[in-house]
Each structure stands twice: as structure tokens, then as C-alpha cells.
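Asks: Let's see this in three dimensions:
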Amino acid sequence: AGVNGVVGGIEEHRALLDLLALLELDALDHALGLGPKHDRFPRLELADQKAPAQAASSVGPKVYFLSQAPNGQDRLQPAGRNVSSTPTAVLTELFNGLTKDEQQERKWRTAIPADTKLMSAVQESDGTLVIDLNQAFFQATSENQIKAVAQIVFTATGIDGVQRVKILVEGQPQGWLRGD
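Replies: Numbering: from 1, shown residues only. Predicted coordinates for the structure are as follows:
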């Protein structure tokens, strides 16, 4: 189970996606301050890696944005970035946002508020990546905050050696969104 906002034991993106979709994982619930079931929150899907119109760039580490599936639900969409695979470089690319092509042609979007800045990203020896963001992150509320956290967690857990993610805001653990 997660402690102090840690999303723990995530080894594969698809497993995390299933857990985010159901919002039933103890560690994730704890990290977001959620109870066991919250059907009113969005179900996120992982984009089909084979869909050519939505295909991600295969260059470099992946950052995750949102696209709309044919059924209208949001899905996480990987996009390659030509940067080093350090936590700071990869997360900076996520917070820098979408490319013109991703935004205009592919119609992708982000739930992460535009003013959100990475203050630090420290990878601990136990596989936990501690991500410290500025206060602007809380401009995302309700469903968008859950989607923004999903984008960060998927991006971070794609970095070699990262198994868990702890998100701080201005250096402090947060009481994450409650669904009740």
C-alpha cells in the first residue's frame, strides 16, 4: 500500500491504467485520497499502439497526453521526445506540453495546467521518483486532476528504474482529491 502519496508497485503501464480506470488500488487510492470506488470519475484507456492516425513518435522516452477514443472516453497517448531519459528531462518535456502537430493535427490535449512547473525530480534508491511541482498544479480540479496525475505517473514510470511516484506540491505532500 502507498504511504505519504506514493503510488506503489507499478511495474507496467497497462496495469496502472487498469488500476487508474477502476480507482481501486489501495496505493493509488491513498495517493489521491480516494475511497474504494468512484464511478463518477473518468475511465482512461491506453491508446492502441497500432493505430496509425494516433501513432506515437518512436524517438526517445515517452510522455503521455490525452486523446479521445471513438467511444468518447479519454485515453492516454504516448509521444516520444528526443531528450535524455533522466527524470528531469522527461518530465520537463511533459510540462512543456504538446507539439503543434500533436495539438492541431492529432487533437491531443493535456490536463496539466499550463503554468505547472517542475521544481525537482529526485529518484530514490528504492525506485521512488519524488516529483515536486509548483502550486499551479492545483489549477486542475476534479476529473482533470486525476487525468493530470495519470499523465505524470505514466510518464514517470516509463523512466528506467522508476517503480513508484510521489508527487509533492511546493515541497509538501498533499491531500489529493477525494471522490466522496
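Asks: CA atoms for contacts and neighbours, from now on please.
Replies: Noted.
Asks: which ones are touching L168?
Replies: 130-133, 174 (CA atoms under 8 Å, 6 or more residues apart in numbering).
Asks: State whether V149 is indeed within a strand.
Replies: No - under DSSP: H, G, I helix; E, B strand; the rest coil, V149 sits outside any strand and is assigned helix.
Asks: Let me know the distance separating it from A111.
Replies: Relative to A111, V149 is positioned 9 Å away (CA to CA, to the nearest Å).
Asks: Then L91?
Replies: 14 Å.
Asks: Which residues outside stretch 127-138 are in contact with it?
Replies: With CA under 8 Å, 6+ apart as the test, stretch 127-138 has contacts from 6, 112-113, 115-124, 145, 156, 161-171.
Asks: Apply 6 Å and report the result again.
Replies: 113, 115-123, 161-171 (CA atoms under 6 Å, 6 or more residues apart in numbering).
Asks: Emit the ChimeraX select command for whichever of the residues you listed are buried.
Replies: Buried subset of the contacts of stretch 127-138, written as a ChimeraX selection, criterion 16 or more other CA atoms under 10 Å:
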select :113,116,117,118,120,121,123,161,162,163,164,165,166,167,168,169,170
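Asks: Narrow the contacts of stretch 127-138 to those in helices?
Replies: With helices taken from DSSP state H, there is no overlap with the contacts of stretch 127-138.
Asks: Pick out whichever of the contacts of L168 sits closest to V63.
Replies: I131 (14.9 Å; CA to CA).
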